[in-house]
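S.K.: Just a sequence and a predicted model for now, questions to come.
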Amino acid sequence: MARAPGPGGDKVVPLRPARPCPICGKPSSRPAYPFCSRRCADIDLGRWFSGAYAIPAAEEDPSGDDGPGEQER
């Protein structure tokens, strides 16, 4: 948090904008950010463990073949 000078004293200004919880849409809370509660954080973690979320990856060719058209030197 940054402090902005002002005539009425220091005012705390958040460094990042408030965002809704990605699970339920309620406003996020500071202790569970970016979630609204520990419950929503646990739901998200469970989805990662179950394989509901996946990061796509390009698989390499295990044979080591460069493909058609490539000539050996």
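M.R.: Received, thanks. Numbers count the residues shown, from 1 in each chain.

S.K.: only C-alpha atoms for contact and neighbour calcs from this point on.
M.R.: OK.

S.K.: For the nearest residue to residue 21 once chain neighbours are set aside, give its distance to residue 55.
M.R.: Distances taken as C-alpha to C-alpha, 6 or more residues apart in numbering place residue 35 nearest to residue 21, at 4.5 Å, with adjacent residues excluded. Going from residue 35 to residue 55 by C-alpha to C-alpha, to the nearest Å gives 21 Å.

S.K.: what does residue 21 give?
M.R.: Distance from residue 21 to residue 55, by C-alpha to C-alpha: 21 Å.

S.K.: okay, those two: which has more neighbours?
M.R.: It is residue 21, of residue 21 and residue 55, that has more neighbours when counted by other C-alpha atoms under 10 Å, with 19 against 5.

S.K.: The residue nearest to residue 21: what secondary structure?
M.R.: coil (DSSP: H, G, I helix; E, B strand; the rest coil).

S.K.: what number of residues lie near it?
M.R.: Neighbours around residue 35, by other C-alpha under 10 Å: 24.

S.K.: Could you do residue 40 as well?
M.R.: 17.

S.K.: which residues touch it?
M.R.: Contact partners of residue 40, counting by C-alpha atoms under 8 Å, 6 or more residues apart in numbering, are 21, 23, 24.
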